[in-house]
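*Asks:* Okay, here's the prediction I keep looking at, along with the sequence it came from:
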Amino acid sequence: QVQLVESGGGLVQPGGSLRLSCAASGFTVFTFSSYYMNWYRQAPGKERELVAGITPTGGATNFADSVKGRFTTSRDNAKKTVYLQMNSLKPEDTAVYYCNARLAGSGYWGQGTRVTVSS
């Protein structure tokens with residue numbers, strides 16, 4: 001059974017940093033290495049939005065305009081884990097952050113981790 005488990009969320013002051021992790025289970029390393037991995041977020045009262053994505057080998061990434069230059073994403077396929085490094089956090093980054101694994105017509109979601117940016 002495939003599971004994605006996010007961790008690393010919490011309360012941080014504006015300008016601070018957090019590193020989110022998403023650990024996959026139920027995949028072999030080979031299978032995990034085939035999946036595109038994405039980070040989404042959903043703020044209160046708003047739709048879920050794509051924040052960042054990374055290709056299966058980690059060779060390419062993409063980011064929403066709102067986080068470019070502040071967020072980075074990486075993956076360790078041997079550990080079946082993907083990361084989201086968030087720097088220079090702003091109050092508008094407050095949301096529940098979700099990990100998503102996508103391959104062709106299949107996809108999996110984590111349960112989310114809450115990030116609150118507030119002084």
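*Replies:* Okay, I see it. Residues are numbered from 1 along each chain as shown.
*Asks:* So in terms of bridging, what pairs with E49?
*Replies:* With DSSP bridges applied, E49 shows beta-bridge pairing to R41.
*Asks:* Could you measure from it over to S74?
*Replies:* 20 Å (C-beta to C-beta, to the nearest Å). For every residue, glycine as well, the C-beta is placed using N, CA and C.
*Asks:* Next: E6.
*Replies:* From E6 to S74 the distance is 15 Å (C-beta to C-beta).
*Asks:* Quick one: residues contacting the residue sitting nearest the centre point of the chain.
*Replies:* With distances taken as C-alpha atoms, centre = their mean, W39 lies nearest the centre of the chain, 3.2 Å away. By C-beta atoms under 8 Å, 6 or more residues apart in numbering, the contact set of W39 is 20, 22, 50-53, 73, 82, 84, 97-100.
*Asks:* most neighbours, which of these?
*Replies:* V82 (29 neighbours; other C-beta atoms under 10 Å).
*Asks:* can I assume it sits in a strand?
*Replies:* Yes. Checked against DSSP: H, G, I helix; E, B strand; the rest coil, V82 lies within a strand.
*Asks:* Is it bridged to anything, and to what?
*Replies:* Going by DSSP bridges, V82 forms beta bridges with C22, R75.
*Asks:* Assess the claim that N100 and S106 are in contact.
*Replies:* No. Contact status for N100 versus S106: not in contact, 11.1 Å apart, counting by C-beta atoms under 8 Å.
*Asks:* Low-confidence ranges, the chain, go.
*Replies:* Along the chain, no part satisfies pLDDT under 70.
*Asks:* in this structure, which spans are helices?
*Replies:* For the chain, the helices defined by DSSP state H cover 29-32.
*Asks:* Thanks a lot, catch you later.
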